[in-house]
Structure formats: structure tokens, C-alpha cells
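Novice: sequence plus the predicted model coming up.
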Amino acid sequence: MEITVGIIGITILVSVLGFSSQGVFTRCRFNAYDVRHLQQWYRFFTYGFFHAGWFHLLVNMIELYSFGLVVERGFYSYFGSRYVLYYLLLYGGALLLSILPAYGKHRNDVFYNAVGASGAIAAVVFASILLEPAQRIYLFFIPYGIPAPVFGLLYLAYEYYMSKRGKDNIGHDAHFWGAIFGVIFTLANKPEIFKGFLLQLGWI
């Protein structure tokens, strides 16, 4: 709980700073052109602590709190005292890896910008699905929970489809690759989690 709450606290403070200072916001958001041509590599991480507005921030932090606690419990049971390190590697690694496709596409586009922790949160969500696949996931305004594995498949299909359309202002690439990173990172560091996944679903 301490790590998740700590990340939420830092993100809220930084986001509020960004709301009140356009200069700080501009210098820290992800701009692929500036990363490549001005070597501002720090933007690969700072963008994830800034948000486009209060609603964007609120939704992301609610998701992080809900699923982050599941991952903390699960990582503690598998990694013991090292769970803090693995949680931070999961989150930080997802911030970096989830934005790389956007960097590849827009590295020469001075007008492309991105903010938000959605890619990292997608990694946390999918790590939580591996750890507790029997959970049900509730979407806003829908009173019925979706089985976690079903939600995961629908989420990946939707984000992949929307990333190909590219007609809105949402980083679907970051969501998709953040989710994929969450699965790969979790299983690469503790393959037996997959056995636990199957056992909880009664598939073995």
C-alpha cells in the first residue's frame, strides 16, 4: 500500500504543479521531437507524472489505487522484501517502454505531445490480472463485474484497434504496450505466477 499511495501522492503534487505552471508542464511533457533533437531524455519518465486535467488525473489515480494494492500484495508474496524494487521496476519500465512506439512514430513531429500515467497503470492492471485472475473488474457506470482475464483480452483488442485508427487524442499505443509489458515483466521475473494464475482459475 505504501508504494502505491506514494506514487499517487507524488503524481498528484506534480500534476497540480503542471496545472499551475505552463512552463513546467511544457518542459516535462513527452515531446518526441525534443527528446530526439534536443536530447531531453528525461521526458521518457517525467511525462507520466503530469496530466491533461483533473478528470484525467482522477481516473488514473483511482485505477492505480485499485489495482496497485493487488500488485503490492502479490509481489510481496512472491518477492518478499524485494517487492518494492520489482514494483518500481514494473512502473518505471512501463513508463519508458509504453511510450517508445510514439517516439518512433513522432520523433520528427514537433507538435506531438503526451502526458499521463496510463501506460504504467496498464502494466499494473495486467500484473494484477496475473496475480488475482479470479477478480472481477468493474467499469464506470456498469454494475456487473467482468472476469479479469476476459477484461484483459477485450482491453488489448480495443486498444490495438483504436491505435490503428488513430483518430482520437488518446495514447492507445501506450495503453497496449504498457499492458504487454506488465505481463512480460511479471512472468519473466517470476514464471511460477503463471501456474498460480491457472490454479486460481481451476484450469489445472
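Specialist: Ah, there it is. Because the structure is predicted, anything quoted here is derived from the model rather than measured.

Novice: and the strands in the chain?
Specialist: 136-137, 146-147 (DSSP state E).

Novice: gap between residue 9 and residue 2?
Specialist: Taking C-beta to C-beta, to the nearest Å as the measure, residue 9 falls 10 Å from residue 2. Using the backbone N, CA and C atoms, a C-beta is placed for each residue, glycine as well.

Novice: show me the shaky parts of the protein.
Specialist: Applying pLDDT under 70 to the chain picks out residues 1, 166-167.

Novice: just give the number of residues close to residue 27.
Specialist: 15 (other C-beta atoms under 10 Å).

Novice: so what's it up against?
Specialist: For residue 27, the contact set (C-beta atoms under 8 Å, 6 or more residues apart in numbering) is empty.

Novice: ok so, going back, could I get the strands of the chain as TSV with distance to residue 74 and mean neighbour count?
Specialist: Shown next, in TSV, are these (distance: least, C-beta to C-beta, whole Å; neighbours: other C-beta atoms under 10 Å):
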stretch	distance to residue 74	mean neighbour count
strand 136-137	16	16
strand 146-147	18	16
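
Novice: could those be laid out in CSV, adding distance to residue 188?
Specialist: Conversion of those to CSV gives the following (distance: least, C-beta to C-beta, whole Å):
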stretch, distance to residue 188
strand 136-137, 24
strand 146-147, 25
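
Novice: which of those sits closest to residue 99?
Specialist: Set against residue 99 and scored by C-beta to C-beta, the strands of the chain come closest in strand 136-137, at 24.4 Å.

Novice: which strands and helices lie in contact with that closest one?
Specialist: strand 146-147, helix 148-165 (3 or more C-beta pairs under 8 Å, 6 or more residues apart in numbering; DSSP states H and E).
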